[in-house]
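Novice: need a 3D model of the sequence below.
(one chain, ligands or ions: 1)
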Amino acid sequence: MEREGGGEDDIVCLDGSFFINDDYQLTKFTFGSQVLELFCLHSASTDFDLTGQLVWPGAMLLNDYLSKNAEILRGCSVIELGSGVGVTGILCSRFCHEVVLTDHNEEVLKILNKNIELHTSSENRNCTGLVAKKLEWGSSTQIKQILDEHSGGFDLVLGADIYILINTSILKFSTELFYIYIYMCTLCV
Ligand SMILES: C[S@@+](CC[C@H](N)C(=O)[O-])C[C@H]1O[C@@H](n2cnc3c(N)ncnc32)[C@H](O)[C@@H]1O
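Specialist: Numbers count the residues shown, from 1 in each chain. The predicted structure is shown next:
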């Protein structure tokens, strides 16, 4: 925070970080037999674009479904859209051979990477690739970059508590597209 001038009309300049709450708490989640811990906030930020700092009800539902139907994930490659803190992608990494978590928000990507680090260092698993990538929905440049690194595409495209406009570029992700989409319009951005 900087203060300019010396009179009654002082102008106080706040940089962006003043508005960002990064007081993340290590939080335990249980989905069926799966228990995982990750850093997240417990209440929403005032900034609509920082919705990814907490775990949303759609992710709780999706993770519950996936933990009970883990056979659909086994050995698959998965890309998740709007991953937030990563609770869905990280659960998937216990069963999949490759998981790419994506989000467009730089602040969210920071906590997502921290949670990935927490899990890749604390657990030994079959998943060879658990990574975070920046992906703004509809950005053909970013989609191309991801596909350049994953030329085989993805078996599954997951997203919880997001809404998207489906267009042909998203369908390029997967030849055998199994798309689980939980639409909770009233709750999302
Ligand atoms: C409601 S949160 C859901 C987060 C997580 N999937 C969950 O259910 O806990 C929506 C997420 O989508 C991301 N998002 C919103 N608009 C986006 C866009 N245009 N491109 C990529 N990600 C976006 C946000 O940053 C946020 O992480």
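Novice: residues contacting the residue of the chain found nearest the ligand?
Specialist: Nearest to the ligand, among the residues of the chain, is G52, at 2.2 Å (Cβ to the nearest ligand atom). The C-beta positions use only the backbone N, C-alpha and C, and glycine is treated the same way. Taking Cβ atoms under 8 Å, 6 or more residues apart in numbering, we find G52 in contact with 82-85, 103, 105, 108, 111-112.
Novice: the same query, at a cut-off of 10 Å, please.
Specialist: Going by Cβ atoms under 10 Å, 6 or more residues apart in numbering, G52 touches 40-41, 45, 82-86, 103-105, 107-109, 111-112, 161-162, 189.
Novice: could you pick out the buried ones from those?
Specialist: Among these, those classed as buried by 16 or more other Cβ atoms under 10 Å are 40-41, 45, 82-86, 103-105, 107-109, 111-112, 161-162.
Novice: near the ligand, from the residues you listed?
Specialist: Filtering those for proximity to the ligand by Cβ under 6 Å from any ligand atom leaves 82-84, 103-105, 108, 161-162.
Novice: just the ones of those in helices?
Specialist: In helices, judged by DSSP state H, the following of these are found: V108.
Novice: can you put the ones next to the ligand among the buried ones among the contacts of G52 in a markdown table and add pLDDT and distance to F95?
Specialist: What follows is those, written out as a markdown table (pLDDT from 0 to 100; distance: Cβ to Cβ, whole Å):
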| residue | pLDDT | distance to F95 |
| --- | --- | --- |
| G82 | 96 | 21 |
| S83 | 98 | 17 |
| G84 | 97 | 20 |
| D103 | 98 | 21 |
| H104 | 96 | 26 |
| N105 | 95 | 27 |
| V108 | 96 | 24 |
| D161 | 93 | 21 |
| I162 | 90 | 21 |
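Novice: list just the nearest of the ones next to the ligand among the buried ones among the contacts of G52 to I90.
Specialist: Relative to I90, the closest of these is S83; by Cβ to Cβ it sits at 8.9 Å.
Novice: so what pLDDT did the closest residue to the closest one other than its chain neighbours get?
Specialist: Residue nearest to S83 in three dimensions, not counting chain neighbours: L101, with 3.9 Å by Cβ to Cβ, 6 or more residues apart in numbering. The model reports L101 with a pLDDT of 98.
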